[in-house]
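In: Just to be clear, the model below is a prediction. Sequence and coordinates:
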Amino acid sequence: MNDRFRFRTPVYGADGKFKKFVYWEAVSGFPAITAKKGDVFKESEQCTGLKDKNGRLIYENDYLKIGDEIFRVFWNSTKISLENMLKNDIIDMQKNYIMEIVGNAHEERDIREVQKNS
């Protein structure tokens, strides 16, 4: 299976706090899972098909460290782009970047905290 057809769906509790990701593949569809009353399933996020320097798959809304800067991954029409939210700059993702996942928009909401702790 091509990793680009993998997805994750963030699940938030009734209190508005992130709980977990549900991972699934497009060929098998969204899995049957047990949810508690009040759980909220947010928009699913697609895998880029790329891995970071530690071999972890990179998904939309992951925070990547490239050099000394932190970027958020997102789909820009038909291509994968990176947003440097501190510099308000967008670049296209390149396979040859040395990237490390340092968080995601659900577990670490403040990019400035991620930058400071990386």
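Out: Nice, thanks for sending it over.

In: CA atoms only for the helix or strand containing Thr9, dumped as PDB, please.
Out: Here Thr9 sits within strand 6-12, counting by DSSP states H and E. Below are the C-alpha coordinates for strand 6-12, written out as PDB (Å, rounded to 0.1, in the frame of the first residue of the first chain):
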ATOM      1  CA  ARG A   6      -3.000   6.500   4.800                       C
ATOM      2  CA  PHE A   7      -4.900   8.900   7.000                       C
ATOM      3  CA  ARG A   8      -5.300   9.900  10.600                       C
ATOM      4  CA  THR A   9      -8.300  11.500  12.200                       C
ATOM      5  CA  PRO A  10      -7.900  13.500  15.400                       C
ATOM      6  CA  VAL A  11     -10.300  12.800  18.200                       C
ATOM      7  CA  TYR A  12     -11.200  15.500  20.800                       C
END
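
In: which secondary structure elements does it contact?
Out: Contacts defined by 3 or more Cβ pairs under 8 Å, 6 or more residues apart in numbering; DSSP states H and E place strand 6-12 against strand 18-25, strand 40-41, strand 45-51. The C-beta positions use only the backbone N, C-alpha and C, and glycine is treated the same way.

In: Low-confidence ranges, this structure, go.
Out: Judged against pLDDT under 70, the low-scoring parts of the chain cover residues 1, 109-118.

In: would you list every one of the helices in the chain?
Out: Taking DSSP state H as the test, the helices found in the chain are 111-117.
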